[in-house]
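K.L.:
Fold the following and give me the result.
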Amino acid sequence: MTDAIYPQVRVAPVRLLNPETVEQLLNRLAANPGIRRILLKGQSIPVTVPYGPARGAPNPHSRRQTINVLGEEVQLNTHVGTIDMELESADVLPSIRAACEEVFTKFSFSILEGRFMKTQPTVSDYAKYGPNADEILLGLVDPKSRKGPVILQGYR
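P.N.:
The predicted model follows:
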């Protein structure tokens with residue numbers, strides 16, 4: 001179980017982010033050893049149209065791209081709106097703010113402190129990963145997803 005002692009922050013830009021912007025920000029953030037987990041939140045970009053008369057047809061979308069984070073290719077299936085992070089300590093906040101100020105030059109953002117990720121196993125966590133799930137995965141489970149979260153090897 002993850003202790004609730006780890007501070008959490010949310011980076012909330014005023015607009016949805018392009019894949020290039022997400023890549024730049026993630027490379028700056030993931031290079032910081034004081035960040036335990038990063039969760040990208042936003043609208044899902046499915047590969048095929050999920051409903052309606054075009055159901056099952058390919059869904060071409062310019063925001064569904066492969067980005068490079070710490071030398072690893074990551075398929076971005078979300079139009080990112082907010083970024084939640086769990087930190088080792090609050091000492092990392094100045095470097096997070098500096099990274100955001102470097103990347104978000106044309107629009108504003110806010111950094112909020114609070115509880116944004118689960119800190120104890122949920123029923124979905126148990127169903128997907130079992131009773132001995134890795135604590136780093138807690139609260140990151142999408143019960144509808146057939147794939148698990150992306151874990152960067154150099155980051156962990």
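K.L.:
Output the lowest mean pLDDT helix or strand found in the protein.
P.N.:
helix 123-129 (a mean of 76; mean pLDDT, DSSP states H and E).
K.L.:
pLDDT below threshold where in this structure?
P.N.:
1-4, 139, 141-156 (pLDDT under 70).
K.L.:
Okay, and the residue of it most remote from its centre sits in which element?
P.N.:
No residue in the chain sits farther from the centre than Pro53, which is 31.4 Å out by Cα atoms, centre = their mean. Here Pro53, judged by DSSP states H and E, is contained in no helix and no strand.
K.L.:
Please apply the same query to the one 10 residues further on.
P.N.:
Element membership of Arg63, judged by DSSP H and E, is empty: it is in no helix or strand.
K.L.:
likewise the one 3 residues further on?
P.N.:
Assigned by DSSP H and E, Thr66 belongs to strand 65-69.
K.L.:
Kindly provide the distance from Arg64 to His79.
P.N.:
In this view, Arg64 and His79 are 8 Å apart by Cβ to Cβ, to the nearest Å. For the C-beta atoms, the positions are set from N, CA and C on the backbone; glycine is no exception.
K.L.:
ok, residues contacting the strand holding Thr66?
P.N.:
Pro19, Glu20, Val22, Glu23, Leu26, Asn27, Ala30, Glu73, Val74, Gln75, Leu76, Leu152 (Cβ atoms under 8 Å, 6 or more residues apart in numbering).
K.L.:
same thing but 10 Å
P.N.:
Residues outside strand 65-69 that contact it (Cβ atoms under 10 Å, 6 or more residues apart in numbering) are 18-27, 29-31, 38, 45, 73-77, 150, 152, 154-155.
K.L.:
ok, then the element right after that strand?
P.N.:
For strand 65-69, the following helix or strand on the C-terminal side (DSSP H and E) is strand 72-76.
K.L.:
From the contact counts, what lies against that next one?
P.N.:
Judged by 3 or more Cβ pairs under 10 Å, 6 or more residues apart in numbering; DSSP states H and E, strand 72-76 is in contact with helix 19-30, strand 35-44, strand 65-69.
K.L.:
Only the buried residues of the first one, if you could.
P.N.:
By neighbour count, with 16 or more other Cβ atoms under 10 Å as the criterion, the buried positions of helix 19-30 are Pro19, Thr21, Val22, Glu23, Gln24, Leu25, Leu26, Asn27, Arg28, Leu29, Ala30.
K.L.:
ok, now the second one?
P.N.:
Under the neighbour-count criterion of 16+ other Cβ under 10 Å, strand 35-44 has Ile35, Arg36, Arg37, Ile38, Leu39, Leu40, Gly42 buried.
K.L.:
Cool, thanks, signing off.
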